[in-house]
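[1] Need coordinates for the following:
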Amino acid sequence: MKALFVLSIVVPVGLLTTFRLTGILKEPMTITQTITVDTVSWNMSRPAISPRQIITVGKVVTNFCSDETISINSRILIAGYFEDRLSWPSDGDDDVLEIVVNVDTNTSKGYIHSVAVRFSICDASSVLLIEHHPEATFSRNLKMHLVYDRATNEHQAYVNAVSANQPSAASVSVFTFLVFFDKNNLNHEMVATSEIIYFDGATIRKIIIPIQLGVLVL
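    Sure, this is the predicted structure:
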């Protein structure tokens, strides 16, 4: 009976060791260095167009971080602007700006652990919504882990994608709608912040890359 009791203790401890070595059981992650890149900002004028009109903006704003171990490219595409959009996410008379955020990252050492994108807005007269459709918001070599799809001036929206197989390259794409409730008489500001956590072969690092978009009244 005593021998069986000893075996019942030894086997689980051995399994725990095996799980840690094979990556099945994750050790707590300690970030040893955080780098915040300078914010890149771009302002656009609020289009003065007729109700129900749509225009293509087609502007790409890029921010990046690169060194001997990592290359990260974060960019936002300001796609289309809708005046008094009839369909969701508008109530029928709200203006809507479509924004796509793309984050591409590659490391020459180690692996990508996770890529998160956070959205914040600065006023109570707008809201940002994340489109959940898998062809609109998706990841490569990562698994979507958390999504909070609505940003207000009190709460951030975000996606967080985490690796399952320690890839050296990964990407995330997020399609959003920035909805304006005012009647073209207020300025608005949105910040999209990419957060990349990766192992560089020796330490765990976190890179923060913000891009600021202003939508201003003429």
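[2] Could you tell me the end-to-end distance of stretch 136-155?
    Start-to-end span of stretch 136-155 (Cα to Cα, to the nearest Å) is 22 Å.
[3] Any idea how far it is from the middle of the chain?
    Relative to its parent chain, stretch 136-155 has a centroid offset of 6 Å by Cα atoms, centre = their mean, to the nearest Å.
[4] For that stretch, buried residues please.
    Of the residues in stretch 136-155, 137, 138, 139, 141, 142, 149, 151 count as buried by neighbour count, 16 or more other Cβ atoms under 10 Å. (C-beta placed from N, C-alpha, C; glycine too.)
[5] Contact partners for the residue most central in space within the chain?
    Nearest to the geometric centre of the chain sits residue 117, at 1.5 Å (Cα atoms, centre = their mean). When contacts are counted by Cβ atoms under 8 Å, 6 or more residues apart in numbering, residue 117 is found next to 101, 103, 158, 159, 172, 174, 192, 193, 194, 195.
[6] I'd like the distance between the first one and residue 192.
    So the one you mean is residue 101. Distance, residue 101 to residue 192, using Cβ to Cβ, to the nearest Å: 5 Å.
[7] more neighbours, those two?
    Each of residue 101 and residue 192 has its neighbours counted (other Cβ atoms under 10 Å); residue 192 has more, 27 against 23.
[8] where's the more buried one, which helix or strand?
    Taking DSSP states H and E as the definition, residue 192 sits inside strand 188-199.
[9] other SSEs contacting that strand?
    strand 70-85, strand 94-107, strand 111-121, strand 126-130, strand 169-180, strand 204-216 (3 or more Cβ pairs under 8 Å, 6 or more residues apart in numbering; DSSP states H and E).
[10] ok so, going back, identify the contacts common to residue 101 and residue 192.
    Taking Cβ under 8 Å, 6+ apart as the contact rule, residue 101 and residue 192 both touch 74, 76, 117.
[11] okay, now residue 119: neighbour count?
    Neighbours of residue 119 using other Cβ under 10 Å come to 25.
[12] do the same with residue 218
    Neighbours of residue 218 (other Cβ under 10 Å): 7.
[13] Residue 183 now?
    Neighbour tally, residue 183, other Cβ under 10 Å: 11.
[14] Report the separation between residue 216 and residue 188.
    From residue 216 to residue 188 the distance is 8 Å (Cβ to Cβ).
[15] neighbour count winner among the two?
    Remark: of residue 216 and residue 188, residue 188 carries more neighbours, 22 against 12, as counted by other Cβ under 10 Å.
[16] wait, what's in contact with the more buried one?
    Contacts of residue 188 (Cβ under 8 Å, 6+ apart): 121, 122, 123, 125, 126, 178, 180, 214, 215, 216.
[17] List just the nearest of the residues you listed to residue 61.
    residue 214 (10.9 Å; Cβ to Cβ).
[18] which non-adjacent residue is nearest the closest one?
    Ranked by Cβ to Cβ, 6 or more residues apart in numbering and with sequence neighbours excluded, the top spatial neighbour of residue 214 is residue 43, at 3.9 Å.
[19] Over to residue 99?
    Nearest one to residue 99, counting by Cβ to Cβ, 6+ apart, is residue 176 at 4.9 Å.
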